[in-house]
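K.L.:
Just a sequence and a predicted model for now, questions to come.
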Amino acid sequence: MIEQNNPLASLKDIHLPEAVSNFPSAIGWWLLVMIGLSALLGLIKYGSYLINKNAYRRVAIKQLHQLQADYSVHNNDLKLLSAINLLLKSVAIRQFPEQQCEKLHGQNWQQFLSLAVSQSKSIDLRALAELNAIYRKEVVLTNQQRYLLLLNARKWLQKHRRVIGKGEQFV
């Protein structure tokens with residue numbers, strides 16, 4: 001038998017190409033990844049800033065709830081009014097140091113509280129006027145007055161803003 005020249009015998013085995021990498025290698029993809037990571041980091045920092053910015057409000061509202069719980073034990077309206085006034089004043093001193101809030105009392109204190117919130121914030125500032133009663137020997141509040149005082153104190157803690165300019169002095 002004569003050997004026939006088989007053209008298939010001269011073919012080499014099939015070689016598979018190199019595996020395609022799963023990781024992007026082009027510079028455009030690297031830039032996109034870096035931009036995405038930078039944006040994510042920026043959002044995390046901004047979220048952290050917002051959370052920390054209003055942390056004092058959350059603490060003050062928890063203290064107000066604690067004052068309400070303490071009232072159910074001691075039932076002393078004068079003590080409650082004094083504690084709420086002290087809480088509001090401590091928040092005001094922290095947020096408005098240039099206004100010298102520690103010196104405010106009576107009508108000036110009421111005006112400051114009303115200026116620190118805009119008129120559209122649905123706070124009944126007449127309820128906060130009960131704070132002036134801390135200068136009396138004996139104070140008796142009705143349940144409605146007490147409820148409105150606590151409610152509006154909480155609203156003030158939540159909604160006060162810097163309405164008075166930093167350079168302005170309130171007296």
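P.N.:
All right, it came through fine. Numbering: from 1, shown residues only.
K.L.:
Now do the helix or strand bottoming out on mean pLDDT in the chain: which elements does it pack against?
P.N.:
Here the helix or strand of the chain ranked lowest by mean pLDDT, DSSP states H and E is helix 125-128, holding a mean of 79. Helices and strands touching helix 125-128, by 3 or more C-beta pairs under 8 Å, 6 or more residues apart in numbering; DSSP states H and E, are helix 106-115, helix 143-159. Bear in mind the C-beta positions are built from the backbone N, C-alpha and C, glycine included.
K.L.:
what comes up buried for it?
P.N.:
Neighbour counts over helix 125-128 (16 or more other C-beta atoms under 10 Å) mark L125, A127, L128 as buried.
K.L.:
just stretch 12-31 next, same as before
P.N.:
Buried-residue list, stretch 12-31, by 16+ other C-beta under 10 Å: empty.
K.L.:
Quick one: mean pLDDT over it.
P.N.:
Stretch 12-31 carries an average pLDDT of 81.
K.L.:
ok, now stretch 79-88?
P.N.:
When pLDDT is averaged along stretch 79-88, the result is 93.
K.L.:
what do you get for stretch 96-115?
P.N.:
In this model, stretch 96-115 has an average pLDDT of 85.
K.L.:
Mind exporting the C-alpha coordinates of the least confident helix or strand of the chain to CSV?
P.N.:
C-alpha atoms of helix 125-128 as CSV (Å, rounded to 0.1, in the frame of the first residue of the first chain):
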residue,chain,number,x,y,z
LEU,A,125,-44.4,80.1,71.5
ARG,A,126,-47.2,81.1,73.9
ALA,A,127,-46.7,77.6,75.5
LEU,A,128,-43.0,78.4,75.9
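K.L.:
Many thanks, have a good one.
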